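[1] I'd like to go over a predicted model; first the sequence, then the structure.
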Protein chains: 2
Amino acid sequence: MTDSSENKAADKSLSGAGRSRRDMLKFGSIATLGAVLGGGALLGHATPVSAQAAGKAELRPSDPLNILIVNYDGGTLLDFAGPSEIFHRLPNTNVRYASLNGGNVTLEFGVVYGNTERLADIDKTDLILVPGGSNLSAPMQPEYQAQIRRLAESAKHVTSVCNGSLVLAATGILNGKRSACHWAFVNKLSEYGAIPVPDRFVEDDNGRFMSGGGVTAGIDFALRVAAKLRGQQAAEFTQLVIEYDPAPPFHSGHPRDARPEIVAMVDKQLPGASRGLARIPGVR
Amino acid sequence: MTDSSENKAADKSLSGAGRSRRDMLKFGSIATLGAVLGGGALLGHATPVSAQAAGKAELRPSDPLNILIVNYDGGTLLDFAGPSEIFHRLPNTNVRYASLNGGNVTLEFGVVYGNTERLADIDKTDLILVPGGSNLSAPMQPEYQAQIRRLAESAKHVTSVCNGSLVLAATGILNGKRSACHWAFVNKLSEYGAIPVPDRFVEDDNGRFMSGGGVTAGIDFALRVAAKLRGQQAAEFTQLVIEYDPAPPFHSGHPRDARPEIVAMVDKQLPGASRGLARIPGVR
């Protein structure tokens, strides 16, 4: 789960017969951008001084960045797979995964995500990310909420993708804060005292709070987070490596563009969806 | 791992206290589109008769669709997380995951993907998807290659994302076929007798072969596959549900757009990348 395990794998393959060091360059090892550039190379994109006004100690691109992704049964894989693919590739960045009980979690559609740490074992993190899910019953439970609240309160950056913002909002930490959410659920944020903003990326308090819209918005969200915390060069580099040059075959990614009959199909299954008020298990 | 486990979870939550049936509508259960529309509703977008010329029995949108995603140590999560998020939501579609030995696989960056089946236990599949990875040593091994070749030969649709096409090509099944690949590796396809095409989505033999470019191209790839095999309405519906309305903050998703200094950074770590000839472990 750590860079060290990756390095071990790289060391292991280095012992393979008849391969030069160049052959061993891992596509994934592009993550170690800092090793090539030197840590200082990214400092040209330092966080603006104004951001320090938020009152939290501010991360500089040269400081190590610890990211925690919260997992739970019923979560949606792509909500965090986009961000994790980007975050793992950033210089001087460590990404961890944790759930209430640790070990495997069973995501939406029965997809199994493995080997998570226990939330209680994590002292603190610089950035916490709560992804969304098809069923929020688990992370809305008091034990989950307490752990998420504890880690969010001490984090420099409190973030979410999709309806993960509802989970964060339920802890109270988004009181009076602007937040994104999946388009079908965004207005429910107001039920928890947060301010719903129907955008793909939303920031408040100079970046202490950052959130993405539904599912795939996590990719755009993560690139913006990457630029803010590790510099624009690192973000652009990562975008190039993951070939994020989107070309959707249809214009159907948002109710403003989708054909009315397609929006009606969603409303039929999720009443209130096109008004941002769909119901989801585990959300009052 | 199956729809039935999802249904079990839904039944279980139905027993929760004080919740109406409407509350229980799962976001994920949008996958059961067919239950609302009836199987026939998608038939308006039937596969063109010309496609039957390919000589393989052709799937109609009303036929069940079995999809197999091949997993292996060193694979890249987002290469298949995009497609799986889309495929799971299609009507009358079953998605399975398998690796050589079954159980957990350790992907790039130490990410653990769990509970895969054994490839040898899978008799056949309608569609096989081979995602890419940062280290292809595992799927280039003879045992993996034999299983992938066996399943691909009998599949109606042979597909890949990113440099998964190199794994497929190494089996020989792409001989003389046009294929996509990640931009940094695409020209290596010719070393295996396939025809490199530097596009985000590539199709040959009337869709028997379909492939996506690097990493995030899997989302565009999967929407096209969805439209072809389950109808455009199902594809547009899925795009809306996953809010695929991309808005990259930078123009850096492909070497044609990225700043020269960013392309040079990739070339420094992966010699030959900008000529499509980067080396990757496990690829000759």
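    Yep, it's here.
[2] What about residue A:278, how many residues nearby?
    For residue A:278, the count of nearby residues is 24 (other Cβ atoms under 10 Å in any protein chain shown). To be clear about C-beta, it is placed using only N, CA and C from the backbone, and glycine gets the same treatment.
[3] if I pick it, what's in contact with it?
    Taking Cβ atoms under 8 Å, 6 or more residues apart in numbering or on different chains, we find residue A:278 in contact with A:184, A:185, A:188, A:270, A:271, A:272, B:27.
[4] residues near the second one, how many?
    This means residue A:185. Residue A:185 is flanked by 26 other residues according to other Cβ under 10 Å.
[5] do residue A:249 as well
    Using other Cβ under 10 Å, residue A:249 is surrounded by 17 other residues.
[6] Please apply the same query to residue A:260.
    Residues near residue A:260, counting by other Cβ under 10 Å, number 9.
[7] before we move on, what about residue A:256?
    10.
[8] Which secondary structure state is assigned to residue A:105?
    Here residue A:105 is recorded as strand under DSSP: H, G, I helix; E, B strand; the rest coil.
[9] Kindly indicate which of the contacts of residue A:278 lies nearest residue B:245.
    Nearest to residue B:245 among the contacts of residue A:278, counting by Cβ to Cβ, is residue A:184 at 13.1 Å.
[10] The stretch 1-150 of chain A: strands as residue ranges?
    Assigned by DSSP state E, counting those that start in this stretch, the stretch 1-150 of chain A shows strands spanning A:65-70, A:93-99, A:103-106, A:112-118, A:127-130.
[11] CSV for the contacts of residue A:278, including pLDDT, distance to residue B:102 and secondary structure?
    As requested, the contacts of residue A:278 are exported to CSV (pLDDT from 0 to 100; distance: Cβ to Cβ, whole Å; DSSP: H, G, I helix; E, B strand; the rest coil):
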residue, pLDDT, distance to residue B:102, secondary structure
A:184, 97, 36, coil
A:185, 97, 36, coil
A:188, 97, 40, helix
A:270, 93, 35, coil
A:271, 93, 41, coil
A:272, 95, 42, coil
B:27, 44, 29, coil
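[12] Take these and write them to TSV, including distance to residue A:92.
    Putting the contacts of residue A:278 into TSV (distance: Cβ to Cβ, whole Å) gives the following:
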residue	distance to residue A:92
A:184	37
A:185	34
A:188	37
A:270	41
A:271	46
A:272	43
B:27	36
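[13] Just the buried ones among those residues, please.
    A:184, A:185, A:188, A:270, B:27 (16 or more other Cβ atoms under 10 Å in any protein chain shown).
[14] Tell me which residues touch the second one, please.
    Read that as residue A:185. Each residue near residue A:185 by Cβ under 8 Å, 6+ apart is listed here: A:163, A:166, A:276, A:277, A:278, A:280, A:283.
[15] which residues touch residue A:67?
    Taking Cβ under 8 Å, 6+ apart, we find residue A:67 in contact with A:87, A:93, A:94, A:95, A:96, A:125, A:126, A:127, A:129.
[16] what about the fourth one, neighbour count?
    Counted with other Cβ under 10 Å, residues neighbouring residue A:95 total 27.
[17] do the same with the first one
    Here the number of neighbours of residue A:87 (other Cβ under 10 Å) works out to 25.
[18] Surely it is in contact with residue A:97?
    No. In this structure, residue A:87 is not within contact of residue A:97 by Cβ atoms under 8 Å, at 11.0 Å.
[19] Wondering if stretch A:193-210 reaches chain B at all.
    Yes. Interface with chain B: stretch A:193-210 contributes A:200, A:201 (Cβ under 8 Å from any Cβ of the partner chain).
[20] Residues contacting that stretch, please?
    By Cβ under 8 Å, 6+ apart, the residues outside stretch A:193-210 that reach it are A:50-51, A:53-54, A:56, A:156-159, A:165, A:169, A:172, A:174-181, A:183, A:186-190, A:211-213, A:217, A:220-221, A:224-225, A:228, A:276, B:243, B:245, B:247, B:249.
[21] from the chain's centre, how far out does the strand or helix carrying residue A:233 sit?
    Element membership for residue A:233 (DSSP states H and E) is helix A:232-241. Centre-to-centre, helix A:232-241 and its host chain are 17 Å apart (Cα atoms, centre = their mean, to the nearest Å).
[22] which helices and strands does the very next helix or strand once past it pack with?
    Using DSSP H and E, the helix or strand that follows helix A:232-241 in sequence is helix A:260-269. On a contact count with 3 or more Cβ pairs under 8 Å, 6 or more residues apart in numbering or on different chains; DSSP states H and E, helix A:260-269 meets helix B:33-37, helix B:232-241.
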